[in-house]
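Colleague: curious how this folds, go ahead:
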Amino acid sequence: MSTEEEPDIAEIADAIFNYLSEHTNAADSLEGIATWLRQHGHPVGLENIRQAMEYLKAPGLVIESPGRHGKTVYKSAYTRTGEI
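Modeller: The predicted model follows:
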């Protein structure tokens with residue numbers, strides 16, 4: 001049994017969603033999102049971020065698309081005007 005507490009996927013998803021809501025043109029890979037989260041006090045692993053992105057994709061809050069170098073990138077499903 002681990003003494004470290006597992007990160008709350010909903011909290012991670014909330015931090016990502018808040019950032020993407022404020023920066024609707026932002027798009028990044030899981031690794032880029034991990035870097036941003038670490039810089040803002042959320043040191044979580046890629047698997048937790050992957051789970052958070054699935055959590056956000058399910059209701060259509062974020063979309064994924066092919067990025068450069070074959071990496072998937074994630075971005076807000078909303079435009080600056082609030083339209084999907």
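
Colleague: now the longest helix anywhere in the chain: mean pLDDT?
Modeller: Longest helix of the chain, by residue count under DSSP state H: helix 9-22. For helix 9-22, mean pLDDT rounds to 91.

Colleague: what sits up against the helix or strand following that helix?
Modeller: Downstream of helix 9-22, the first helix or strand assigned by DSSP states H and E is strand 27-28. With Cβ atoms under 8 Å, 6 or more residues apart in numbering as the contact definition, strand 27-28 has outside contacts at Trp36, Ser65, Gly67, Val73, Tyr74, Lys75. From N, CA and C alone the C-beta is placed, and that goes for glycine too.

Colleague: including neighbour count, secondary structure and distance to Ala15, could the residues you listed go into JSON lines?
Modeller: Below are those laid out as JSON lines (neighbours: other Cβ atoms under 10 Å; DSSP: H, G, I helix; E, B strand; the rest coil; distance: Cβ to Cβ, whole Å):
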{"residue": "Trp36", "neighbour count": "16", "secondary structure": "helix", "distance to Ala15": "9"}
{"residue": "Ser65", "neighbour count": "9", "secondary structure": "strand", "distance to Ala15": "21"}
{"residue": "Gly67", "neighbour count": "15", "secondary structure": "coil", "distance to Ala15": "21"}
{"residue": "Val73", "neighbour count": "17", "secondary structure": "strand", "distance to Ala15": "18"}
{"residue": "Tyr74", "neighbour count": "24", "secondary structure": "strand", "distance to Ala15": "13"}
{"residue": "Lys75", "neighbour count": "17", "secondary structure": "strand", "distance to Ala15": "15"}
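
Colleague: report the lowest-confidence entry in those residues.
Modeller: Summarising pLDDT for those: the lowest-scoring member is Gly67, with 82.

Colleague: so for the chain, the centremost residue is which one?
Modeller: The centroid of the chain falls nearest to Ile16 when counting by Cα atoms, centre = their mean (4.4 Å).

Colleague: can you tell me the element the nearest residue to that one once chain neighbours are set aside falls in?
Modeller: Closest residue to Ile16 apart from its sequence neighbours, by Cβ to Cβ, 6 or more residues apart in numbering: Ala52 at 5.8 Å. Following DSSP H and E, the helix or strand that holds Ala52 is helix 46-57.
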